[in-house]
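[1] fold the following.
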Amino acid sequence: MDRERDLSHSNEINRQFKFELAYFKKHLLFIFLKILMTSRFCIGVQEIFLFTLSSLITFSTNINSSNAQQAPAYPQDPGPNFIRPEFDNQDSTPNTSPKANPTQSTVNPRSTRPQSIPATTAISKEVWELSGMPISGTPIPKLQVFDQAMVRFMKERNIKSATLAVMKDGRLLLAHGYGYSDPNQKTVTAPDTLMRIASVSKPITAAAVKQLIRQGKIRLDTKVFPLLGITPLGGSIADSRLNEITVQHLLEHRGGWDRGVAFDPMFRSVQIANALGKSSPASCPDVISYMMSQPLQYAPGKVEAYSNFGYCILGRVIEKVTGQSYESYIQKSLLAPLGINDIAVGYTLPQKRHPKEVGWYIDEENGSSVFDGQTVPYPDGAFYLEAMDAHGGLISSSISLVKFGQAYWISGEPRNAGESAGWTFFGSLPGTWSMLHQRPDGLNIAVLFNQRRDTNHPSGEEYGKIQDVMNTAADSLKY
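    As a prediction, the model looks like this:
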C-alpha cells in the first residue's frame, strides 16, 4: 500500500403551513359555533353538533397520543424553521481550471428546483437510528434514500464515523452525522462534526489564488520561485527551470515534478528536516528549500502529474502577496463572506485537535512519529498535517464544504447563477476519505469518512464508489 497516495479527481411536510391552516380552521369552527349557539336553531340540533365536535376532538387527541407513544423507526417531522443560505457570487474570469477533472455526469441538467424536496431545518443534534446505525440531525423522510445509501455503504466497509451534507441551489436540504465520533462509541457523530478533508483542500486553495488574480495581486504567469525568495538547500538551485514555474503551472499540476517517478516530499518530513539540519518535522518552507536542491522530472508546463507539493507552494504564494498566514487569508477573505467559520488547518497530534473534530481517524497500520520516532497509529503522527495546509491539511464539516461548493466551482472559479457543470474531487489520507461532488442539476454533495480503507477493501480505491452511490440516491428523487 502506497502510504503517500492522496487520490484526487476532479419534510418533510411543511408543518408551519399545516399549523397555520389548522389554526385558521379552528377559529372558523369556533366562530361558526358561536353563531350557532346564539341563533334560534332548535336545542336538539345544537346538542347533536356539540356531541359531534366533542367526539372529533377526542378522536384527534387519541390519535396524537397514540403517535407519541409509538414513534416510527424513521422520525417524520423536523419542524418549520427552514434555512436558505445566500451566497455572494463574484465576477468570473476566463476558466483556467486546476486539474480536478470534471466528471462526465450521467444525469441531465435540470433548471427547476425540486418541487418535492424542501430545505432542512437549522442544524439539529436529534439522534435516531436506521438499520441499527445511529444518525444525528433533522430526519427528512423524503430524503431517506440518502440515509439508506450511507448506512449501507458504511456497514459494508465497517466505517465508524461519517457526515453527509446535501445542498440544492443554495438551500441546505440535509445535514446528518452517522456512527460514533469517539473510539469508545459513546458519542454519536454530529452533523457539523469536523474531519480532515485531505486533498479537498486544493479547490479552496485554488479559489483563494484566483481571487488574488482577480484582485490584480498576482497573475497566472507570475513566476513563483523568484516571488518567494526562499533560499535553497546548499545555497543554489539544482535545476534552472525552477525559475520558469508559474502560478498557472502549479494550479494545473504541471510544475515539472512527478511523485510517481521520484517521490512526494510532503511525506518525507523527517528526512528533509535531517537534510536541513533542523528538528523534525519539516515545515512547508523547509520542504520547498529542500526541493529547490532537487531536479525536476519534466520541463514546467509540459506534463501533467498530480502534485501535492505544487499546492504547498501556492499556499506560500498566498502568504507572500497578502502578508497573512494561509489559514488567516482563506478564513477572512474567502470563507467568512460565505458564512463559513469552521474550516481551519488541522493538527497532527490528537491532543491538539479541535473540540468539534472527530475523535478518531482509523487506519490499520502504524508508523514512526515525525516528532519523536515512536510507533504511533499512522493518522496520529506518521505524517505532518500542518505542513500540508494548502494541499491537504484542512479540516471542515461537510456542511461548510457544500456551502463552498455553492459559491465556487471545484476549479476555483466563482460559481454564477444559471451555470451548470459536473465536478468531483476526492481527498484521501490515512484515516480520511472525503468527497465534494457538484452535479449538473445543482445538487452539491459532501461526504466525510474517518477512514479510507478496511480489511475487505485494503486499497482504499473502492471508497470512491460513494460518488455512484450518492448519484443513484439523488437520481431516484423527483424534482
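
[2] name the element the spatially closest residue to residue 401 that is not a sequence neighbour belongs to?
    Taking C-beta to C-beta, 6 or more residues apart in numbering, and ignoring the residues beside it in sequence, residue 401 has residue 446 as its nearest neighbour in space, at 3.8 Å. Using the backbone N, CA and C atoms, a C-beta is placed for each residue, glycine as well. Counting by DSSP states H and E, the secondary-structure element that holds residue 446 is strand 443-449.

[3] ok, then the element right after that strand?
    Secondary structure here is assigned by DSSP H and E; on that basis, the next helix or strand after strand 443-449 toward the C-terminus is helix 466-475.

[4] got the angle for that following helix vs strand 443-449?
    140 degrees (axes from the mean of the first three to the mean of the last three C-alpha atoms, to 10 degrees).

[5] rewinding a little: quick one: the residue nearest to residue 401 and residue 151, what's the gap?
    Computed with C-beta to C-beta, to the nearest Å, the distance linking residue 446 and residue 151 is 17 Å.

[6] give me the more crowded residue out of those two.
    Set side by side, residue 446 and residue 151 show more neighbours around residue 446, with 28 against 21, by other C-beta atoms under 10 Å.

[7] contacts only, for residue 196.
    With contacts taken as C-beta atoms under 8 Å, 6 or more residues apart in numbering, residue 196 has the following neighbours: 346, 361, 385, 393-395, 427, 429, 431-432, 434.

[8] tell me what it is bridged to.
    Going by DSSP bridges, residue 196 is paired in beta bridges with residue 395.

[9] ok, it to residue 299 distance?
    The span separating residue 196 from residue 299 equals 34 Å under the rule C-beta to C-beta.

[10] pLDDT weak spots in the chain?
    Under the criterion pLDDT under 70, the flagged ranges of the chain are 1-122, 479.

[11] what segments of it are strands?
    Counting by DSSP state E, the chain has strands at residues 127-130, 133-136, 161-168, 171-179, 195-196, 344-345, 366-368, 375-377, 394-396, 423-429, 432-438, 443-449.

[12] as TSV, those strands with distance to residue 244 would be great.
    Formatted as TSV, the strands of the chain follow (distance: least, C-beta to C-beta, whole Å):
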stretch	distance to residue 244
strand 127-130	55
strand 133-136	51
strand 161-168	41
strand 171-179	44
strand 195-196	34
strand 344-345	30
strand 366-368	36
strand 375-377	40
strand 394-396	29
strand 423-429	28
strand 432-438	32
strand 443-449	37
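
[13] for residue 260, which of those is the nearest?
    Shortest distance between residue 260 and these, using C-beta to C-beta, is found for strand 423-429: 15.7 Å.

[14] show me what the closest one is packed up against.
    Other helices and strands packing on strand 423-429, by 3 or more C-beta pairs under 8 Å, 6 or more residues apart in numbering; DSSP states H and E, are helix 201-214, strand 432-438.

[15] give the other helices and strands that the first one contacts.
    Other helices and strands packing on helix 201-214, by 3+ C-beta pairs under 8 Å, 6+ apart, are helix 247-251, helix 308-322, helix 389-392, helix 398-407, strand 423-429.

[16] roughly how far is that helix from the heart of the chain?
    17 Å (C-alpha atoms, centre = their mean, to the nearest Å).

[17] buried residues, that helix. List them.
    201-213 (16 or more other C-beta atoms under 10 Å).

[18] JSON lines for these, including distance to residue 469?
    Output for the buried residues of helix 201-214, formatted as JSON lines (distance: C-beta to C-beta, whole Å):
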{"residue": "201", "distance to residue 469": "23"}
{"residue": "202", "distance to residue 469": "23"}
{"residue": "203", "distance to residue 469": "21"}
{"residue": "204", "distance to residue 469": "25"}
{"residue": "205", "distance to residue 469": "28"}
{"residue": "206", "distance to residue 469": "26"}
{"residue": "207", "distance to residue 469": "27"}
{"residue": "208", "distance to residue 469": "31"}
{"residue": "209", "distance to residue 469": "32"}
{"residue": "210", "distance to residue 469": "31"}
{"residue": "211", "distance to residue 469": "33"}
{"residue": "212", "distance to residue 469": "37"}
{"residue": "213", "distance to residue 469": "36"}
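
[19] from those, which is closest to residue 258?
    Comparing every one of these with residue 258 (C-beta to C-beta), the shortest separation belongs to residue 202, at 17.4 Å.

[20] what's the neighbour count on the nearest residue to the closest one once chain neighbours are set aside?
    Once its chain neighbours are removed from consideration, residue 202 has its nearest residue in residue 311; the separation is 5.4 Å (C-beta to C-beta, 6+ apart). Under the neighbour criterion other C-beta under 10 Å, residue 311 is assigned a count of 26.

[21] in this structure residue 311 contacts residue 250, no?
    Yes. Residue 311 lies in contact with residue 250 (C-beta atoms under 8 Å); the separation is 6.9 Å.

[22] picking that back up, indicate which one of the strands of the chain is closest to residue 279.
    Taking C-beta to C-beta as the criterion, residue 279 comes closest to strand 366-368 out of the strands of the chain, the separation being 15.0 Å.

[23] in that closest one, what's buried?
    Along strand 366-368, the positions that meet the burial threshold by neighbour count (16+ other C-beta under 10 Å) are residue 367.

[24] just to revisit the earlier point, show me what the strand holding residue 446 is packed against.
    Here strand 443-449 touches strand 161-168, helix 398-407, strand 432-438, helix 466-475, going by 3+ C-beta pairs under 8 Å, 6+ apart.

[25] closest one of the contacts of residue 196 to residue 370?
    When those are compared for distance to residue 370 (C-beta to C-beta), residue 385 wins out at 9.8 Å.

[26] end to end on stretch 254-272, go ahead and measure it.
    End-to-end distance of stretch 254-272 (C-alpha to C-alpha, to the nearest Å): 23 Å.

[27] one more: stretch 230-237?
    The straight-line separation of the ends of stretch 230-237 (C-alpha to C-alpha) is 10 Å.

[28] buried stuff in that stretch?
    Under 16+ other C-beta under 10 Å, the buried positions of stretch 230-237 are 230, 232-233, 237.

[29] nearest to residue 338, of those residues?
    Within the set of the buried residues of stretch 230-237, residue 230 lies nearest residue 338; the separation is 31.6 Å, counting by C-beta to C-beta.

[30] now do the contacts for the closest one.
    When contacts are counted by C-beta under 8 Å, 6+ apart, residue 230 is found next to 285, 288-289, 292, 316.

[31] what about it, distance to residue 284?
    Distance from residue 230 to residue 284, by C-beta to C-beta: 10 Å.

[32] got any residues that touch both of these two?
    Counting by C-beta under 8 Å, 6+ apart, the common neighbours of residue 230 and residue 284 are residue 316.

[33] picking up where we left off before, got the contact list for the residue nearest to residue 401?
    Residues near residue 446 by C-beta under 8 Å, 6+ apart: 163-165, 398-399, 401-402, 405, 434-437.
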